[in-house]
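1. Whatever this is, show me its structure:
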Amino acid sequence: MALQPEVDLATDEQKVSYGFGLQFGDQLKRNDFEGLDVEAVIAAIRHWYVHGETAMSDADLNPAFQRIQDRQKAKEAEEASKYQVLAEEFMKRNGEREEVSVTESGLQWEVLEAGSGDKPGATDTVVTHYHGTFPDGRVFDSSVERGEPAEFGVNQVIPGWTEALQMMSVGDKWRIACPPQLAYGEQGAGGSIPPNSALVFEIHLIEIKA
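-> Below you'll find the model as predicted:
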């Protein structure tokens, strides 16, 4: 159910103004930090837009920005360290399973269903179905759940995929485990994949595009 507006939104000007607020709210969400005070944000907008003045100087604000940035960096480093340990533990445990093979790069793979078609090259485009999870089983991306196969270049994906796809035959269905350096590494991917995450994919290679 849609929220009830707290202000009148009858005119086009009011609607567009509200739209500006939504856009700014989206920016805030993408740059969120613990303790963000929305009321302080609204007060700053009102002070500057309506009055052309502020209640705080740069000398007051800059040290606060620096402290928050330092806090965020420390938190991110702690998270990255935690996920690195979890990745190493999972890759060691998974790699010891009898059905799992390990490449020189550290990619782990197992055959779920064997196909008999051609193998793609690094410059080929392929069609696949995939189901991506964290080691604990949480899903972060899945063409299977969307019901639509994905098409992309073999050399336009994470390193673990590029390596695995070139070993697979059309019709194969594999489960691969990518250590962080073969996935999204120390950077992670947006807000959905933390830094230093090991990732697990079930991949069905459907077609090599002509």
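2. contacts, neighbours, all on C-alpha from now
-> OK.
3. who's in contact with residue 171?
-> By Cα atoms under 8 Å, 6 or more residues apart in numbering, residue 171 lies in contact with 113-117, 204-207.
4. If we go by neighbour counts, what in the longest helix seen in the chain is buried?
-> Ranked by residue count, the top helix of the chain under DSSP state H comes out as helix 58-95. Of the residues in helix 58-95, 80, 83-84, 86-88, 90-91, 94-95 count as buried by neighbour count, 16 or more other Cα atoms under 10 Å.
5. Show the contacting residues for residue 196.
-> 80-81, 83-84, 87, 180-181, 184-188.
6. which ones are touching residue 139?
-> By Cα under 8 Å, 6+ apart, the neighbours of residue 139 are 131-133.
7. Those residues in strands, which ones?
-> 131-133 (DSSP state E).
8. ok so, going back, ranking the contacts of residue 139 by neighbours, who comes first?
-> residue 132 (21 neighbours; other Cα atoms under 10 Å).
9. in the sheet, who's paired with the nearest residue to that residue once chain neighbours are set aside?
-> Residue nearest to residue 132 in three dimensions, not counting chain neighbours: residue 201, with 4.4 Å by Cα to Cα, 6 or more residues apart in numbering. Here residue 201 sits in beta bridges with residue 132, residue 176, going by DSSP bridges.
10. This structure: helices as residue ranges?
-> In the chain, the segments counted as helices under DSSP H are 12-30, 38-46, 58-95, 143-146, 159-165.
11. Which stretch among the ones you listed approaches residue 105 most closely?
-> Nearest to residue 105 among these is helix 159-165 (8.8 Å), distances taken as Cα to Cα.
12. Which residues does the closest one contact?
-> 107, 109, 119-120, 122, 154-156, 176, 178, 182-183, 205.
13. And the pLDDT for the residue lying farthest from the centre of the chain?
-> Distance from the C-alpha centroid of the chain, by Cα atoms, centre = their mean, peaks at residue 51 (40.4 Å). Residue 51 is assigned a pLDDT of 90 by the prediction.
14. what do you get for residue 210?
-> 69.
15. Specify which member of the contacts of residue 196 is nearest to residue 25.
-> Set against residue 25, the nearest of those by Cα to Cα is residue 188 (23.7 Å).
16. pretty sure the closest one contacts residue 199?
-> No. Using Cα atoms under 8 Å as the test, residue 188 is too far from residue 199 to be in contact (10.9 Å).
17. Outline the domain layout of the protein.
-> 12-55, 76-208 (automatic domain parsing).
18. so which of the contacts of residue 171 is the most crowded?
-> residue 204 (26 neighbours).
19. For residue 115, see how far away residue 124 is.
-> Per Cα to Cα, to the nearest Å, residue 124 is found 18 Å from residue 115.
20. Over to residue 21?
-> From residue 21 to residue 115 the distance is 53 Å (Cα to Cα).
21. now swap in residue 206 and tell me
-> Separation of residue 206 from residue 115 (Cα to Cα) stands at 10 Å.
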